[in-house]
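**Q** how would this look folded up:
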Amino acid sequence: MNKPLNLAAPVINPNAEKVLAKRYYRKDENGECTEDAAGLFWRVASAIAAREAQYEASPWKPEALARAFYEMMTDWRFLPNSPTLMNAGSELGQLSACFVLPVGDSIEEIFDAVKFAAMIHKSGGGTGFSFSRLRPKNARVGSTGGVASGPVSFLRIFNTATEQIKQGGTRRGANMGILRVDHPDILEFIRAKEQEGEFNNFNLSVGITEAFMKAVEADGDFALINPASGKEQGRLKARDVFELLVDKAWQSGDPGIIFLDRINRDNPTPDQGEIESTNPCGEQPLLPYEACNLGSINLSRFYAPGHLEAPNPADRGIDWAGLERTIGLAVRFLDNVVDASRFPLDRIRDQVRRNRKIGLGVMGWADLLYQLRIPYDSAEAVALAERVMDFIETRGRAASMQLADERGPFPAYETSVYPSKGIPPLRNATITTIAPTGTLSIIAGCSSGVEPLFALSFARNVMDGERLVEVNPHFEDALRDIDQYSQQLLEAVAELGSIQSMDHLPEELRRIFVTAMDIAPEWHLRMQAAFQRHTDNAVSKTVNLPHSATREDISSIYWMAYEEGCKGVTVYRDGCKSTQVLTTGGTSKPSEEPQARVRKRPDFVTGFTQKVQTGLGGMYLTVNEVDGKPFEIFATIGKSGHSVTAKAEAIGRLVSLAFRSGIDVADVVGQLKGIGG
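**A** Below is the predicted model of the structure:
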């Protein structure tokens, strides 16, 4: 489909341009960009709209639909998940972000899963695994007479394999690893990330059962079940295990928890099996060999100041009609992605097209609340969250029903739960999911998912260590409205991240412009639960806690998530890891000077060795990497015992220490460059 001559170019903010150029634009063999933003979005729009031609009953012509898709994306009202932006209209053509692969209890099945995961990562997707089928450590293996090494040892193999693959050539693969709480190796799994840097390519979650939670409540025991035999293999005190979970989450944020029984109660196709795992960020529960493509509506683009005086208070400030149009168009877009996508395995393709799951979610929620001048941590905000997501759920389902009329329902509809519930044919087994929208929200220039803003001014550490500084535009507008805008004030906010201690600012401003650390944990959970009540799949949400948060705080969060109907919960206590994605100047621990923390060396690293000619002969230089960045170097020159050999070793050790402490390569080079002798 030729690019129209009168296509309006999108307005791109500088941070978005950096992200697009580094990760999304098509490049030639020399790594030079061969498209701009307009070219990217037309490539995506035209490739997805072209699928419309196969449906005779469609009210759209592909050319007109391509323009509608292009305008929806370049007006930042909706964006699909990253693999669709990267690969639509390309030879690769893999457009889904979320995959779940089974891990069976045999060497053949385990290494099949490793191979399949590598294929998915190479094409730009993330993978979730349940290791709950694997027999526990030291169990007998009948075929060999040996003993099993257990889930955690195989988890290490998956992690190492992931280290070797870069998604689409631009980012390492992401994984979710899940183990049921009643697996005999559960204590080892909970402790798996005690050493920072271990399992760095995995998010870990414990699959919690309702039987376990009831045992915690009753201060009783629960049975551990050997998955190979189905028989009981010991018992543990439930409260001790729960407290260990809380302690590890307090220390590092890992592992999270998911509620398996609740997830499976919402499984629309239970005849196809039990849901054991989710995608890497936890918002997309999937059957084995299933994939899903996601997309997010930017709610901040539907702020309508002209509607502030609407007769119904619930309708004020939001362009509901415009939102409804975008929902219908987005559902059509995502359903077309199912047809357009090429999958790495035929089995995945067949499973995806049997259920045609899509995941329409939101971003820009915190921005919309700022625009409406509603505090995030308020009953008004929680009520609006339910109303907005209920609207998206009902209009999204109506759009899926319309597609079912045009194209037919998803093939497994008749054996799904929907006919028994009296729900008319749907095109898609699931329609709504709330994803974290990390890079998408940078591109769209809005807040991430349904999260509160981390800070009113902050730096993002993204894409191999690049640092992006952002100031919230709605906060800037509010300061101008009260004649308080100044560069000096913005610098002070960038240092603190929050304005709650700035007594010279109006109380109303401080009440509205709250950030993640200003919000009590229960409000994080109430917001997550409000969105979850009207979401088919799950809600990606982190409960951000100050460094001073206690283990009791986390315990309360877990119980509240369970009682409020959430499908999982993740907590993160500020500063509990040596590096984190979002930072402000005030992130260090209370009453302490910020200190560099030296990362421990993982068991496996990758690297290269190169011979370099110097004035003193050939030097062999080995550079090893972790997370795609230099982690350590070894320099060998001359014979053992010579002074030049000792000096090279000493410099190598010091440079390695700098790298492991998080010091940038350019800073090290700048210090050493030009020294002679």
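
**Q** Sketch out the low-pLDDT regions of the stretch 101-250 of the chain for me.
**A** Within the stretch 101-250 of the chain, the ranges that satisfy pLDDT under 70 run 143-145, 166-172.

**Q** can you give me the strands for it?
**A** Listed in chain order, the strands found in the stretch 101-250 of the chain under DSSP state E, counting those that start in this stretch are 126-130, 140-141, 146-147, 166-167, 171-172, 175-180, 202-208, 221-226, 231-237.

**Q** From L179, how far off is T127?
**A** From T127 across to L179, the span is 16 Å (C-beta to C-beta, to the nearest Å). Heads up, the C-betas are built off the backbone N, CA and C, glycines and all.

**Q** Look through this protein and tell me its longest helix.
**A** In the chain, taking DSSP state H as the definition, the longest helix is helix 379-407.

**Q** who's in contact with L294?
**A** For L294, the contacting residues are P80, N81, A97, C98, Q284, L334, I358, G359, L360, G361, T433, A435, by C-beta atoms under 8 Å, 6 or more residues apart in numbering.

**Q** nope, A45 is what I was after
**A** By C-beta under 8 Å, 6+ apart, the neighbours of A45 are A66, R67, F69, Y70, M73.

**Q** what kind of secondary structure is it in?
**A** Classification of A45 using DSSP: H, G, I helix; E, B strand; the rest coil returns helix.

**Q** Now do it against L329, distance only.
**A** Here the distance between A45 and L329 works out to 11 Å (C-beta to C-beta).

**Q** residues shared between the contacts of those two?
**A** With contacts taken as C-beta under 8 Å, 6+ apart, A45 and L329 have F69 as neighbours in common.

**Q** quick one: low-confidence ranges for the stretch 551-677 of the chain?
**A** If you take pLDDT under 70 as the line, the stretch 551-677 of the chain has these spans: 578-598, 600, 602-605, 627-628, 639-641, 674, 676-677.

**Q** Give me the buried positions along the helix or strand containing A650.
**A** Assigned by DSSP states H and E, A650 belongs to helix 643-660. Neighbour-count burial for helix 643-660, with 16 or more other C-beta atoms under 10 Å as criterion, is recorded at T645, A648, G652, V655, S656, A658, F659, R660.

**Q** The fifth one contacts F631, correct?
**A** Yes. In this structure, S656 is within contact of F631 by C-beta atoms under 8 Å, at 7.4 Å.

**Q** So which of the strands of the stretch 101-250 of the chain is nearest L490?
**A** With C-beta to C-beta as the criterion, L490 lies closest to strand 171-172 of these, at 30.9 Å.

**Q** and the residue nearest to K248 when sequence neighbours are not counted, what is it in contact with?
**A** The spatially closest residue to K248, leaving aside those adjacent along the chain, is I190, at 5.6 Å (C-beta to C-beta, 6 or more residues apart in numbering). For I190, the contacting residues are V206, V241, L244, L245, K248, P255, by C-beta under 8 Å, 6+ apart.

**Q** Which pair of these spans the longest distance?
**A** Greatest spatial distance among those (C-beta to C-beta): V241 and P255, at 11.9 Å.

**Q** could you check the angle helix 643-660 makes with whichever helix or strand comes after the helix holding A650?
**A** Toward the C-terminal end, the helix or strand that comes next after helix 643-660 (DSSP H and E) is helix 665-672. Using axes from the mean of the first three to the mean of the last three C-alpha atoms, to 10 degrees, the direction of helix 665-672 lies 140 degrees away from that of helix 643-660.

**Q** thought P285 was touching I263?
**A** Yes. Under the criterion of C-beta under 8 Å, P285 makes contact with I263 at 4.7 Å.

**Q** what about the two, which has more around it?
**A** Each of P285 and I263 has its neighbours counted (other C-beta atoms under 10 Å); P285 has more, 30 against 20.

**Q** rewinding a little: show me what the next helix or strand after the longest helix of the chain is packed against.
**A** Going down the chain from helix 379-407, the next helix or strand is helix 438-444, by DSSP H and E. Counting contacts by 3 or more C-beta pairs under 8 Å, 6 or more residues apart in numbering; DSSP states H and E, helix 438-444 packs against helix 14-19, strand 78-80, strand 358-363, strand 457-462.

**Q** average pLDDT for helix 438-444?
**A** Predicted confidence along helix 438-444 averages 94 (mean pLDDT).

**Q** Next, the closest residue to T74 other than its chain neighbours: secondary structure please.
**A** Using C-beta to C-beta, 6+ apart and skipping residues adjacent in sequence, the residue nearest T74 is P10, 3.7 Å away. Three-state assignment for P10 (three-state DSSP): coil.

**Q** List phi and psi for P10.
**A** P10 has phi and psi values of phi -70, psi 150 when expressed as degrees, to the nearest 10.

**Q** That one - how many residues pack around it?
**A** By other C-beta under 10 Å, 19 other residues sit near P10.

**Q** tell me the pLDDT at it?
**A** pLDDT for P10: 95.

**Q** Adding distance to I519 and mean neighbour count, write the strands of the stretch 101-250 of the chain out as TSV.
**A** Supplementary listing: the strands of the stretch 101-250 of the chain in TSV, determined by distance: least, C-beta to C-beta, whole Å; neighbours: other C-beta atoms under 10 Å:
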stretch	distance to I519	mean neighbour count
strand 126-130	28	27
strand 140-141	50	13
strand 146-147	49	11
strand 166-167	33	18
strand 171-172	30	18
strand 175-180	26	25
strand 202-208	23	24
strand 221-226	34	17
strand 231-237	34	14
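
**Q** could those strands be laid out in TSV, adding distance to G638?
**A** Listed next are those as TSV, based on distance: least, C-beta to C-beta, whole Å:
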stretch	distance to G638
strand 126-130	46
strand 140-141	50
strand 146-147	47
strand 166-167	36
strand 171-172	37
strand 175-180	43
strand 202-208	42
strand 221-226	57
strand 231-237	57
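
**Q** Which one, of those strands, ends up nearest to K115?
**A** Between K115 and those, the shortest separation by C-beta to C-beta is 11.7 Å, and it involves strand 126-130.

**Q** Direction included, what does the closest one pair against?
**A** Taking DSSP bridges as the criterion, strand 126-130 forms sheet pairs with strand 98-102 (parallel), strand 175-180 (parallel).

**Q** List the neighbours of that strand that are in contact with it.
**A** Contacts of strand 126-130 with the rest of the structure, by C-beta under 8 Å, 6+ apart, involve 97-103, 113, 117, 120-121, 158, 167, 173-180, 207, 276-281, 284, 286.

**Q** Now do it against strand 202-208, angle only.
**A** With the same axes, to 10 degrees as the criterion, the two stretches strand 126-130 and strand 202-208 enclose an angle of 40 degrees.

**Q** now strand 126-130, how far from the chain's geometric center?
**A** 13 Å (C-alpha atoms, centre = their mean, to the nearest Å).

**Q** now do stretch 139-150
**A** The mean C-alpha position of stretch 139-150 is separated from the chain mean by 36 Å, C-alpha atoms, centre = their mean.

**Q** For L20, give its distance to S82.
**A** Per C-beta to C-beta, L20 is found 11 Å from S82.

**Q** my bad, F202
**A** Using C-beta to C-beta, which is the criterion applied here, F202 is 19 Å from S82.
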